[in-house]
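S.K.: Below are the sequence and a predicted model for it; my questions follow.
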Amino acid sequence: NYLKTINLNNYDNKKHVFLITLDSIDKEEYEMMWENFEGGLPYEMDVMYKIEGEEVWLHESYTPLKNEFNEFDRILVLVVNITDSKKSQEGIKEKTQILEKNYSKMKNIQDELETKEAELTSTVEAIGFSTFIAEYALDGTILDINDAYLKVYRRQKRLMIGKNIKDYLTIENEEFDSFWKKIVEGSIEKNIHEVKMGEKNVWLSEIYAPILDKNNKPSKILAIAFDITDNKEHQIILKKLSDELEIINRELEKLSVVARETSNAVTILDPYGNIEWINEGFTKMFGYTLDELMKMGNNVLQISTYKDIEKIIKTCRENAQSYNYESFITNKDGEKIWSQTNINPIINEKREVRKIVAVDTDITKIKKAEKEIILAKQRAEESDKLKTAFLQNMSHEIRTPLNGVIGFSKLLEDETLQREEIKEYTSI
């Protein structure tokens, strides 16, 4: 049976059968088995053989036997075919693995369902607080309304049930009748509705949809609304900003027409000194185009050499204050020029600075003329000093002999003088 099981029926040298079966045992197990034999200990193991391409599992039990001299010289081997049992175990193991895998999948699904349930619960709770839901009869009578609506209308539920929606919408009766008729006829309609809530107005975006009965005909009206107050306020703010920007753009357009025709250098800045536009006069005066200024930093705080420019821009932005200053500048061609700069804010109705306009005037010739006038004044003052000194000297030279003549003239008027004395005085 053993030889048949391992397909060795035709093997003649039966004493080598044990060695052949050991080909299916790894080296470590073989050494462990033989240590047992030498100590007279039995050994058991499961061995798999490949027989005609199929796996055959045998449970082999080895027991050392003694001879008449009490020596171990033989081994009794009992073999049991456990192929079916092994296959059953492997089947059970495989099914167990499948069950474990399915359990893992079911656990993941369960966790996901619990997560979805929690999310759905949160969503439902959130909807209860942030979404406005109401149910109406076809004639507009309020059948049910949630807390969100009640909070906006500042009414108790019992006081609103049975009332008509017409009493709460801010649209004209004729317009409402047309609006409600479309819904009753099966159309889904949208309405932007403003509700006065104390001192604050609340804007609601409402969607009205008919609820169909089993005959596919409208039986009730469901309204779902969302608070769009923030969006409305943003729209209002954007509209104001847009109107302000349009006014500023018109002013800038007029200014640009004037700026193109003037020989002065005109620069338009944002409130923080970033250059947005320059005219041709700027390029003629300083030599730089807008593209070149962009590469240099595009901000007047970086480009200007005037020491107080940062302080001026900041004060102009924060206080809407104008400034004038003079500076000595070297233009792109290396030419030294004097410039007078006027900084003026463009403000909106809230006194907020939207733009800053800088106008530079070339005052080099004026500065030269001032210098020449100062030099001429200095020369005139020197000339006046010389004239005064000359007149003072001349006055002294003339006064000295005249005083003597006048003195002797007085003496000659004396009637008591003798002729000889008169003659003497006259000769002097």
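M.R.: That came in fine, so what should we check first? Numbers count the residues shown, from 1 in each chain.
S.K.: Might one say that Asn36 is in contact with Met45?
M.R.: No: if you go by CB atoms under 8 Å, Asn36 and Met45 don't touch, sitting 10.6 Å apart. Glycine gets a C-beta too; all of them are placed from N, C-alpha and C.
S.K.: now the stretch 51-200 of the chain, which segments are flagged as low pLDDT?
M.R.: 117-130, 170, 197-199 (pLDDT under 70).
S.K.: the strands in it, which residues?
M.R.: 54-66, 72-81, 131-136, 142-145, 189-197, 200-212 (DSSP state E, counting those that start in this stretch).
S.K.: Okay, and Leu241 sits in which element?
M.R.: Following DSSP states H and E, one finds Leu241 within helix 229-261.
S.K.: for Lys295, same thing?
M.R.: Using DSSP H and E, Lys295 sits in helix 290-296.
S.K.: elements contacting the following helix or strand past that helix?
M.R.: The helix or strand immediately downstream of helix 290-296 is helix 300-303, counting by DSSP H and E. Of the remaining helices and strands, those touching helix 300-303 by 3 or more CB pairs under 8 Å, 6 or more residues apart in numbering; DSSP states H and E are helix 290-296, helix 309-319.
S.K.: helices or strands up against the shortest one?
M.R.: The contact analysis (3+ CB pairs under 8 Å, 6+ apart) places helix 290-296 against strand 275-278, helix 300-303.
S.K.: number of nearby residues for Lys377?
M.R.: Per other CB atoms under 10 Å, the neighbour tally for Lys377 reads 10.
S.K.: So it versus Lys367, what's the distance?
M.R.: 16 Å (CB to CB, to the nearest Å).
S.K.: Arg351 is in contact with Glu318, isn't it?
M.R.: No: if you go by CB under 8 Å, Arg351 and Glu318 don't touch, sitting 10.8 Å apart.
S.K.: My guess is Tyr43 contacts Asn36. True?
M.R.: Yes: at 4.4 Å, Tyr43 counts as touching Asn36 under the criterion of CB under 8 Å.
S.K.: Tell me which of these two has more neighbours.
M.R.: Tyr43 (18 against 15).
S.K.: Quick check: phi and psi at the more buried one.
M.R.: phi -150, psi 140 (degrees, to the nearest 10).
S.K.: list the contacts for it?
M.R.: Tyr43 sits next to Met32, Met33, Asn36, Phe37, Ser61, Tyr62 when contact means CB atoms under 8 Å, 6 or more residues apart in numbering.
S.K.: among these, which ones are buried?
M.R.: Met33, Tyr62 (16 or more other CB atoms under 10 Å).
S.K.: between the contacts of Tyr43, which is nearest Lys295?
M.R.: Met32 (84.6 Å; CB to CB).
S.K.: Chain neighbours aside, what residue packs nearest to the closest one?
M.R.: In this structure, Met32 finds its nearest non-sequential neighbour in Tyr43, 7.6 Å apart by CB to CB, 6 or more residues apart in numbering.
S.K.: how much space between the one you found and Met33?
M.R.: Tyr43 sits 5 Å away from Met33, going by CB to CB.
S.K.: Could you tell me the per-residue confidence at the residue positioned nearest the centre of the chain?
M.R.: Computing the C-alpha centroid of the chain and ranking residues by CA atoms, centre = their mean puts His234 first, at 17.9 Å. At His234, the model reports a pLDDT of 73.
S.K.: Mutual contacts of Tyr43 and Asn36, please.
M.R.: Common neighbours of Tyr43 and Asn36, using CB under 8 Å, 6+ apart, are Tyr62.
S.K.: possible to save the strands of the stretch 51-200 of the chain as JSON lines with distance to Val300?
M.R.: Output for these, formatted as JSON lines (distance: least, CB to CB, whole Å):
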{"stretch": "strand 54-66", "distance to Val300": "89"}
{"stretch": "strand 72-81", "distance to Val300": "100"}
{"stretch": "strand 131-136", "distance to Val300": "52"}
{"stretch": "strand 142-145", "distance to Val300": "60"}
{"stretch": "strand 189-197", "distance to Val300": "46"}
{"stretch": "strand 200-212", "distance to Val300": "43"}
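S.K.: winner for burial among those?
M.R.: Comparing the strands of the stretch 51-200 of the chain by mean neighbour count (mean count of other CB atoms under 10 Å), strand 131-136 ranks first with a mean of 19.
S.K.: Residues contacting the helix holding Lys295, please?
M.R.: Ile275, Trp277, Ile278, Tyr288, Gln302, Ile303.
S.K.: rerun that using 7 Å as the cut-off
M.R.: Ile275, Ile278, Ile303 (CB atoms under 7 Å, 6 or more residues apart in numbering).
S.K.: now those as TSV including neighbour count, distance to Lys166 and pLDDT?
M.R.: Output for those, formatted as TSV (neighbours: other CB atoms under 10 Å; distance: CB to CB, whole Å; pLDDT from 0 to 100):
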residue	neighbour count	distance to Lys166	pLDDT
Ile275	21	59	90
Ile278	21	61	86
Ile303	16	66	83
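S.K.: which one of those sits closest to Ser327?
M.R.: Within the contacts of helix 290-296, proximity to Ser327 (CB to CB) peaks at Ile303, which comes in at 12.2 Å.
S.K.: ok, now how distant is that closest one from Lys220?
M.R.: 70 Å.
S.K.: Please apply the same query to Lys27.
M.R.: Following CB to CB, the distance that separates Lys27 from Lys220 is 85 Å.
S.K.: between the two, which one's more packed in?
M.R.: Lys220 (15 against 8).
S.K.: That one - nearest residue in space that isn't next to it in sequence?
M.R.: Once flanking residues are discounted, Lys220 sits nearest to Ile211: 4.3 Å by CB to CB, 6+ apart.
S.K.: check contacts around the one you found.
M.R.: With CB under 7 Å, 6+ apart, Ile211 has these contacts: Pro218, Ser219, Lys220, Leu222.
S.K.: Excluding chain neighbours, give the residue nearest to the second one in space.
M.R.: Leaving out its chain neighbours, the residue that sits closest to Ser219 by CB to CB, 6+ apart is Asp213, at 4.2 Å.
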